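J.: Sequence and computational prediction follow.
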Amino acid sequence: MREAPELERLMGMELYLTASGGLGGRIRSRPEDFLVEEELAGGLVAELGPGRPEGARAEGREIGGRGSFLLCVLVKSGLDTLEAVQRLARCLRLPEGLVSFAGLKDAKAITAQFVAIRGLRPERLKGLDLPGVELRPMAYTTEPLSPADLVANRFRVVVRTIELPEGAVRRELAATLSGLEDLGGLPNFYGHQRFGTARPVTHLVGRELLRGDVREAVELYLAYVGPGESAAAREARSYLAETGDLRGYLRLLPRGFYYERLMAEHLLRRPRDYHGALRRLPLRLRRLFVQAYQAYLFNRFLSARAREGLPLSLPEPGDWVLLLREGCPLEGKPVRADASRLRGLRELAREGKAVVSLPLPGHRQAPSGGRQGELEETIMEEEGVRPEDFRLKHMPELASPGWLRPALAKLELLEASRVREDELSPGCLALELAFRLPRGAYATAFLRELMKPPDLLAAGF
């Protein structure tokens, strides 16, 4: 094991768990270097198709199926899912809640995913112009989409500016894959985009909400300075932190910081109404604050388990275990690895039919037992939060019951990797990777183990 850089430790990812030296290099040099296609139950894949998104359009074909929801493929570039859905709903003059989706996709990629839009006819897409977005209607369906519909994501990633020779590149890749095989899978850390690499503040806001300090949550969101922000943004946030002058903050704030403006303008109209300022943000975004803090706690739980030397692939007494089907947890109750079940659960885990799982803390989720439970209790005490805090009585719409997340994810290579010259950086090499991960697993969790970047921001994370 090797200690991770400080920025990753701030996100709860404290360790690298493979012994490879690290490939180095950079991801996301171009949007085309990071492609994502979503896979739903039944093998339905949202395919990117040729080219890049140029605008929403309706295909010139008959739309089949029955129901009040129009299932579409949403291809986007330069926008995260929440922003793309918000813009789409605004253009279609529909309430945002009528647009459902199965998973969140990052902005720094070209991604294809499914959305289901209630009450939309394909004709309304004609002439719709949304830069960076393409919408392809597929079929009518009777149900909205939910996270349970998502099975996996398929990734095509190019790692560029690699300064190692080709033989060393292949050895590093082989060593990383061998290390993951020894672990039993990919450590299922929540990736950097859950927190914001340039400005990892989302989980910090969530922690203050759980502690009941809404004012501190709002002030963090407005004034916290991230390591990867522009000079103009840093100046505006630092000015507000030093002076508390909201009018000056708004004058300095660069264009495009829409949510910060909403909150600051509300506080100018209604000073000290921090609950109201936070509620100016969309509910989906506010829930992300709490979810990001749960992700941070999970990352810390997983780091602590690895540091303690507890196995990630086989349950120990007191562990939670989820049963699997096609690599995804089955709906239903998890199983506690008590003495009477331990042997059978270990056998299921060896067969790939069960997985050790750690809590996403919530007001209904019981902690692990045994040594893992002791580690979780210590971390919760350090953080100053309790499971009942997730009721958020002061803002109950953000309450979370909690759940479990597998400690490991199955990494499946879709084709042989390719090493070639990097046309963007003469003298360097590029590595092309194609792989599949189950829902909820992050490609960056694999790439961090492969690259081991000393500077996350310079490496494109």
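T.: Great, that's in hand. In this text the structure is predicted, and so the values were computed from the model without any measurement.
J.: Is Asn153 in a helix, a strand, or coil?
T.: Judged by DSSP: H, G, I helix; E, B strand; the rest coil, the three-state class of Asn153 is strand.
J.: Check Gly21 too.
T.: Gly21 is classified as coil under three-state DSSP.
J.: how near is it to Glu14?
T.: Gly21 sits 19 Å away from Glu14, going by Cβ to Cβ, to the nearest Å. C-beta here means a position set from N, CA and C on the backbone, and glycine is covered the same way.
J.: Compare those two and say which one has the larger neighbour count.
T.: Glu14 (19 against 14; other Cβ atoms under 10 Å).
J.: Just confirm that one contacts Arg307, I think it does.
T.: Yes - using Cβ atoms under 8 Å, Glu14 is in contact with Arg307, at 7.1 Å.
J.: any residues in contact with both of these two?
T.: When Cβ atoms under 8 Å, 6 or more residues apart in numbering defines a contact, no residue borders Glu14 and Arg307 alike.
J.: So what's the gap between the longest helix seen in the chain and the chain middle?
T.: Longest helix in the chain, counting residues (DSSP state H): helix 283-308. Distance of helix 283-308 from the chain centroid (Cα atoms, centre = their mean, to the nearest Å) equals 11 Å.
J.: again with stretch 178-195
T.: For stretch 178-195, the distance from its own C-alpha centre to the chain's C-alpha centre is 13 Å (Cα atoms, centre = their mean).
J.: So which bits of it are buried?
T.: Residues of stretch 178-195 classed as buried by neighbour count (16 or more other Cβ atoms under 10 Å): 179-180, 183-195.
J.: Same check on stretch 370-381?
T.: Result for stretch 370-381 [16+ other Cβ under 10 Å]: buried residues Gly370, Arg371, Gln372, Gly373, Leu375, Glu376, Ile379, Met380.
J.: Check which helices and strands the helix or strand that contains Glu374 sits against.
T.: Element membership for Glu374, per DSSP states H and E: helix 370-383. In terms of contacts (3 or more Cβ pairs under 8 Å, 6 or more residues apart in numbering; DSSP states H and E), helix 370-383 is packed against helix 283-308, strand 354-360.
J.: where does this protein have low pLDDT?
T.: Residue ranges of the chain with pLDDT under 70: 50-62, 326-327.
J.: Using the three-state scheme, assign Ala89.
T.: When classified by three-state DSSP, Ala89 comes out as helix.
J.: any idea how far Arg284 is from it?
T.: For Ala89, the distance to Arg284 equals 11 Å [Cβ to Cβ].
J.: Spell out which residues are contacts of both of those two.
T.: Glu96.
J.: Please name the residues that touch the residue positioned nearest the centre of the chain.
T.: For the chain, Arg194 is the residue whose C-alpha lies nearest the centre (Cα atoms, centre = their mean; 4.2 Å). Contacts for Arg194 (Cβ under 8 Å, 6+ apart) come out as Met11, Thr202, His203, Gln291, Ala292, Ala295, Tyr442.
J.: Double-check Arg270 against Gly276; I have them as touching.
T.: Yes - between Arg270 and Gly276 there is a contact under Cβ under 8 Å: 5.9 Å.
J.: quick one: which of the two has more around it?
T.: Between Arg270 and Gly276, counted using other Cβ under 10 Å, the more crowded position is Gly276 (15 against 12).
J.: Which elements pack onto the strand or helix carrying the more buried one?
T.: Counting by DSSP H and E, the element that carries Gly276 is helix 274-278. With contacts defined as 3+ Cβ pairs under 8 Å, 6+ apart, helix 274-278 has these neighbours: helix 214-223, helix 258-269.
J.: now, which of the contacts of Arg194 sits nearest Gly226?
T.: Thr202 (10.6 Å; Cβ to Cβ).
J.: which residues does the closest one contact?
T.: Residues in contact with Thr202 (Cβ under 8 Å, 6+ apart) are Arg194, Phe195, Gly196, Leu288, Phe289, Ala292.
J.: from those, which is closest to Leu94?
T.: Lowest distance from Leu94 to the contacts of Thr202 (Cβ to Cβ) belongs to Leu288, with 21.5 Å.
J.: so who does that closest one touch?
T.: Contact analysis of Leu288 by Cβ under 8 Å, 6+ apart lists Leu82, Thr202.
J.: and the gap between it and Leu88?
T.: Distance, Leu288 to Leu88, by Cβ to Cβ: 18 Å.
J.: same check, this time on Arg325
T.: Distance, Arg325 to Leu88, using Cβ to Cβ: 32 Å.
J.: So for these two, which sits in the more crowded spot?
T.: Each of Arg325 and Leu88 has its neighbours counted (other Cβ under 10 Å); Leu88 has more, 25 against 10.
J.: from what I can see the more buried one touches Phe101, true?
T.: No - judged on Cβ under 8 Å, Leu88 makes no contact with Phe101 at a distance of 10.4 Å.
J.: what do the two both touch?
T.: Leu74, Val115.
J.: Now render the helices and strands packed on helix 370-383 as CSV, adding distance to Ala430.
T.: CSV is the format used below for these (distance: least, Cβ to Cβ, whole Å):
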stretch, distance to Ala430
helix 283-308, 29
strand 354-360, 33
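J.: Highest mean neighbour count out of those?
T.: strand 354-360 (a mean of 26; mean count of other Cβ atoms under 10 Å).
J.: what pairs with that strand, and is each one parallel or antiparallel?
T.: Partners of strand 354-360 in the sheet, by DSSP bridges, are strand 320-325 (antiparallel), strand 403-406 (antiparallel).
J.: Of those, which is nearest Gly25?
T.: Using Cβ to Cβ, the strands paired with strand 354-360 put strand 403-406 closest to Gly25, at 28.1 Å.
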